[in-house]
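Enquirer: no FASTA, just this:
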Ligand code: FE
């Protein structure tokens, strides 16, 4: 183990001078996910890609490093994280016809500060045994008393649920969204806890009948010997808003304002948002590419098709403070 590590380090050190050009990425996504893409990019352009994988604290790190930050670009999931980095003043706008063509308007900042690469839908996992597919219709319906004691979810303050609540605010206003949260809370089988996959496990074990979760976890569970059983006990159902589509969030990229390798970063961003790269990246994580004419993995396509809610993600980011506040006001996790 140590030997392997040492030789890898030695190779990396020796390898550095071979590349005149490089790009540094701060990523909330695991390097394995983007390795095939960074390799392809280096092969095509000769630009070396360095990925610093962070589990948290990206904003704090950018802040601490200031203009001396080695970061050229960031790669992250969730509009709230992306927009937080933009709001912190850490990004610079990119004007790229290529990216504007590859990324539909609802999945990028009108001012070019961030661009989506893939989407994931926040959907309903429903027990195959106890829930008919036709029982799940809208997000609004999840607050109906017919689901009393049957719903499981992770914390209401987790970014994924805050974004969903932000979408409810967009469609129904703050008071409507608060009533919706109260309705869901009254229907919970247990206090919010665990991650999305833990909710599917709870359906499998009979604790609840439906759960709110992101689509790609289905793929992740099916690939895991222990979790496959949980996944096999549920259907993926795509609710919509009464006057809209299915709630989606994104993974995306942004250029760092102080990027030491600005041109290379823009090249990398253009590469990552290209239809071919979107598909490879989406397939690696069971997500949906956003470029027109692209498609997801056949396994993912097999869960069903849906129309994404057409709200611009900037609107969701803007609703975030209100969404968090009403979640706390109804003591959703309590
Ligand atoms: Fe996730």
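Expert: Perfect, thanks for sending it. All of these numbers come straight from a predicted model, not from anything done at the bench.

Enquirer: CA only for contacts and neighbour counts going forward, please
Expert: Will do.

Enquirer: quick check: buried residues in the lengthiest helix in the chain?
Expert: What stands out as the longest helix in the chain, according to DSSP state H, is helix 159-187. In terms of neighbour count (16 or more other Cα atoms under 10 Å), helix 159-187 has its buried residues at 159-172, 174, 177-178, 180-187.

Enquirer: which neighbouring elements make contact with that helix?
Expert: Under the contact definition 3 or more Cα pairs under 8 Å, 6 or more residues apart in numbering; DSSP states H and E, helix 159-187 sits against helix 79-87, helix 313-329.

Enquirer: pick the most buried one from the ones you listed.
Expert: helix 79-87 (a mean of 21; mean count of other Cα atoms under 10 Å).

Enquirer: mind jotting down where the strands sit in the stretch 101-250 of the chain?
Expert: Taking DSSP state E, counting those that start in this stretch, the strands of the stretch 101-250 of the chain run over residues 115-127, 151-152, 210-214, 234-237, 248-256.

Enquirer: wait, which of these is closest to residue 333?
Expert: strand 151-152 (11.4 Å; Cα to Cα).

Enquirer: what about that closest one, distance to the chain center?
Expert: The chain centre lies 21 Å from the centre of strand 151-152; the measure is Cα atoms, centre = their mean, to the nearest Å.

Enquirer: do the same with stretch 245-258
Expert: Per Cα atoms, centre = their mean, the displacement of stretch 245-258 from the mean C-alpha position of its chain is 8 Å.

Enquirer: for stretch 321-334, same thing?
Expert: Relative to its chain's centre, stretch 321-334 lies at 21 Å (Cα atoms, centre = their mean).

Enquirer: quick one: the helices in the stretch 201-334 of the chain?
Expert: Here the stretch 201-334 of the chain has its helices, by DSSP state H, counting those that start in this stretch, at 216-222, 228-232, 262-272, 275-284, 298-301, 313-329.

Enquirer: for those, which one sits closest to residue 47?
Expert: Comparing the helices of the stretch 201-334 of the chain by their distance to residue 47 (Cα to Cα), the top pick is helix 262-272, with 7.3 Å.

Enquirer: which elements pack onto that closest one?
Expert: Helices and strands touching helix 262-272, by 3+ Cα pairs under 8 Å, 6+ apart, are strand 22-27, helix 31-45, strand 248-256.

Enquirer: what residues sit buried inside it?
Expert: So for helix 262-272, counting by 16+ other Cα under 10 Å, buried means 262, 264, 265, 266, 268, 269, 270, 271, 272.

Enquirer: check what pLDDT residue 8 gets.
Expert: For residue 8, the model assigns a pLDDT of 44.

Enquirer: any idea how far the residue nearest to residue 144 when sequence neighbours are not counted lies from residue 176?
Expert: Distances taken as Cα to Cα, 6 or more residues apart in numbering put residue 183 closest to residue 144, at 6.7 Å, once the chain neighbours are dropped. For residue 183, the distance to residue 176 equals 11 Å [Cα to Cα, to the nearest Å].

Enquirer: name the nearest residue to residue 244, ignoring sequence neighbours.
Expert: With Cα to Cα, 6+ apart, the residue lying closest to residue 244 is residue 309, at 5.3 Å.

Enquirer: count the neighbours of the one you found for me.
Expert: 18 (other Cα atoms under 10 Å).

Enquirer: quick check: it vs residue 225, distance?
Expert: Distance from residue 309 to residue 225, by Cα to Cα: 33 Å.

Enquirer: equivalent analysis for residue 105, please.
Expert: In terms of Cα to Cα, residue 105 sits 39 Å off from residue 225.

Enquirer: looking at these two, which one has more neighbours?
Expert: Ranked by neighbour count (other Cα under 10 Å), residue 105 and residue 225 place residue 105 first, with 15 against 9.

Enquirer: what's the closest non-adjacent residue to the more buried one?
Expert: residue 312 (7.8 Å).

Enquirer: surely that neighbour is in contact with residue 104?
Expert: No: applying Cα atoms under 8 Å, one finds residue 312 not in contact with residue 104, separated by 10.1 Å.

Enquirer: low-confidence ranges, this structure, go.
Expert: 1-19 (pLDDT under 70).

Enquirer: how is it partitioned into domains?
Expert: 2-119+249-301, 120-247+308-329 (automatic domain parsing).
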